[in-house]
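Enquirer: quick one: sequence plus predicted model below, questions after.
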Amino acid sequence: MKTIQILIFAISVLVLAGSCQQNLLDTDYLPGNDNIDSNPDHPMKDSIQALVNKYISDGIPGAQIVVKSYDGWFYYSGGYVKLETKEPYRSGGTAWLFSITKTYTAALIMLQKEANKIHPDTLISAYLPAHVANKISEHEKITVRMLLNHTSGIVNVTELPEFVVGQLNDPLKQPTIDERLEMVKGKPLLFEPGTDFMYSNTNYLLLQLILENVTKKSYWELLEQNILQPLHLTKTRYNLSEGQTIGMGFPNYYFDRHANEQLENITKWNNALANASDAYGALAAPPADVIRFHEALLEGEIVTESSLEEMQNWIEGVHSTEPEYGEGFEYWQFNPGSSPQFGHEGDGIGCSTQFFYVPDNKTYMYININAGRQLYGPYLFKITDMKRDLCRFVANWQL
């Protein structure tokens, strides 16, 4: 599993979530209406159920796992979608994807490359408005590809103290794009561009601005026109109100603020953070849409074969023990000697997600858990171990 971007700081006071009004950040829940086509005799069924139930019994509030393989679709959910009402977690519901969104963004960049409008090895200053480029230290050394594969050295805006303090003091008031750019303005690079790897949400925020400046369309227009509409992904959504998340069957989301296994409902915070995550994390979708997008991408329905190969140009950090990242894909190896597995994880303050693909057995898996692992503590390990066990099982599945 890749290094997780954890918020390592002491949270002694959390103004809203720590309020005496314990339900201040929760929302209502209405079951979703997705039609589920799940194979009751899927051969992975028993093992997946056992793995999920193991972690539910260990304190994971709720999770849904969806697999598509040669044996068809298999959906399984365990635990609760809302702990306070003991509402069971139902399969097929819509949820925030967070950083899985980055794969969609990388695909949009590749489409502009194919249209000869963006050249990945060109400096970002050629595509960004000057007032944006000038906020980025040493931007004259950074290429579009360095943004795509996180080798730019640009600091991660969501890890900066000013961003974190804002989350703690007023989590329902999220910073605008301009405010986030001001946070990174003039910050020294973490390393010489192109010499190392460090995951940074700022990279994909800048890719959004490049797309918008080049095409003169909003990121969301490009997403609709090039991916969502052609693939009929009508349930993949963004910029959602609280009422919409309730009506679409979103789960409630939970956070172990004190790292003492006492979960708090921070749904409104998680929703606000997701909505403000733009091209690095603002999409929401049901599992079928997530898998359909990736299936189309990998089968050449969105970008060309050469672009897909570029997205799998794996790079390693100076201290990496294996490849880290491609261009919108994370790299994994859970079955030594096999083809590498890839996809992308996502993490909000109250959830953790993952899309995982195994080329050797052509299996797609989507994981959505309604608890966060953004602090060092029990839930970091529980959620990471749950994902790792599921990925290892699917990666080693023999046809």
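Expert: Happy to help now that I have it.
Enquirer: switch to C-alpha atoms for all contacts and neighbour counts from now on
Expert: Will do.
Enquirer: so for the helix or strand containing residue 183, mean pLDDT?
Expert: Per DSSP states H and E: residue 183 is located in helix 177-184. The average pLDDT for helix 177-184 rounds to 98.
Enquirer: now do that helix: which elements does it pack against?
Expert: helix 161-169 (3 or more C-alpha pairs under 8 Å, 6 or more residues apart in numbering; DSSP states H and E).
Enquirer: note down every partner strand of the longest strand seen in the chain and its orientation.
Expert: Ranked by residue count and defined by DSSP state E, the top strand of the chain is strand 72-82. Strand 72-82 has these partner strands in its sheet, going by DSSP bridges: strand 62-69 (antiparallel), strand 87-88 (antiparallel).
Enquirer: any idea which of the ones you listed has the lowest pLDDT on average?
Expert: strand 87-88 - the lowest mean pLDDT of the strands paired with strand 72-82, at a mean of 92.
Enquirer: next SSE after that strand?
Expert: strand 95-96.
Enquirer: need the residues that contact that following strand.
Expert: For strand 95-96, contacts defined as C-alpha atoms under 8 Å, 6 or more residues apart in numbering pick out 249, 250, 251, 271, 274, 282, 283, 284, 285, 286, 368.
Enquirer: what is the mean pLDDT for that strand?
Expert: 96.
Enquirer: that strand pairs with which strands?
Expert: strand 284-285 (antiparallel).
Enquirer: who does whichever helix or strand residue 108 is part of touch, helix- and strand-wise?
Expert: Element membership for residue 108, per DSSP H and E: helix 101-114. When contacts are defined as 3+ C-alpha pairs under 8 Å, 6+ apart, helix 101-114 sits against helix 201-215, helix 219-223.
Enquirer: which elements pack onto the first one?
Expert: With contacts taken as 3+ C-alpha pairs under 8 Å, 6+ apart, helix 201-215 sits against helix 101-114, helix 144-148, helix 219-223.
Enquirer: what angle do the first one and helix 201-215 make?
Expert: In terms of direction (axes from the mean of the first three to the mean of the last three C-alpha atoms, to 10 degrees), helix 101-114 departs from helix 201-215 by 40 degrees.
Enquirer: may I have the helix or strand just after helix 101-114 as PDB, with CA atoms only?
Expert: Sequence order places helix 130-133 as the next helix or strand after helix 101-114, per DSSP H and E. What follows is helix 130-133, C-alpha atoms only, in PDB (Å, rounded to 0.1, in the frame of the first residue of the first chain):
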ATOM      1  CA  ALA A 130       1.000  34.200 -15.400                       C
ATOM      2  CA  HIS A 131      -0.600  35.200 -12.100                       C
ATOM      3  CA  VAL A 132      -1.000  31.500 -11.200                       C
ATOM      4  CA  ALA A 133       2.400  30.300 -12.500                       C
END
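Enquirer: so which bits of helix 130-133 are buried?
Expert: Using 16 or more other C-alpha atoms under 10 Å as the test for burial, helix 130-133 gives 132, 133.
Enquirer: now that helix, how far from the centre of its chain.
Expert: 27 Å (C-alpha atoms, centre = their mean, to the nearest Å).
Enquirer: what's the answer for stretch 313-321, then?
Expert: Offset of stretch 313-321 from its chain centre (C-alpha atoms, centre = their mean): 20 Å.
Enquirer: same deal with stretch 213-225?
Expert: Going by C-alpha atoms, centre = their mean, where stretch 213-225 is centred and where its chain is centred differ by 20 Å.
Enquirer: go through that stretch and flag the buried ones.
Expert: 219, 220, 222, 223, 224.
Enquirer: can you check stretch 120-135 too?
Expert: Neighbour counts over stretch 120-135 (16+ other C-alpha under 10 Å) mark 120, 123, 124, 125, 126, 127, 128, 132, 133, 135 as buried.
Enquirer: max pairwise distance over the residues you listed: which two?
Expert: Distance extremes for the buried residues of stretch 120-135: the farthest pair is 120 and 135 at 20.4 Å, using C-alpha to C-alpha.
Enquirer: before we move on, the earlier item: which parts of the helix holding residue 108 are buried?
Expert: Going by 16+ other C-alpha under 10 Å, helix 101-114 has these buried residues: 101, 102, 103, 104, 105, 106, 107, 108, 109, 110, 111, 112.
Enquirer: next one: stretch 189-199
Expert: 189, 193, 194, 196, 197, 198, 199.
Enquirer: which ones among the residues you listed map onto helices?
Expert: Under the assignment DSSP state H, those contribute nothing to helices.
Enquirer: and the residues you listed as JSON lines, adding distance to residue 86 and pLDDT?
Expert: Listed next are the buried residues of stretch 189-199 as JSON lines, based on distance: C-alpha to C-alpha, whole Å; pLDDT from 0 to 100:
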{"residue": "189", "distance to residue 86": "47", "pLDDT": "98"}
{"residue": "193", "distance to residue 86": "49", "pLDDT": "98"}
{"residue": "194", "distance to residue 86": "49", "pLDDT": "97"}
{"residue": "196", "distance to residue 86": "46", "pLDDT": "98"}
{"residue": "197", "distance to residue 86": "42", "pLDDT": "98"}
{"residue": "198", "distance to residue 86": "40", "pLDDT": "97"}
{"residue": "199", "distance to residue 86": "37", "pLDDT": "98"}
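Enquirer: which one of those residues is nearest residue 355?
Expert: Looking across the buried residues of stretch 189-199 and measuring by C-alpha to C-alpha, the closest to residue 355 is residue 199, at 17.5 Å.
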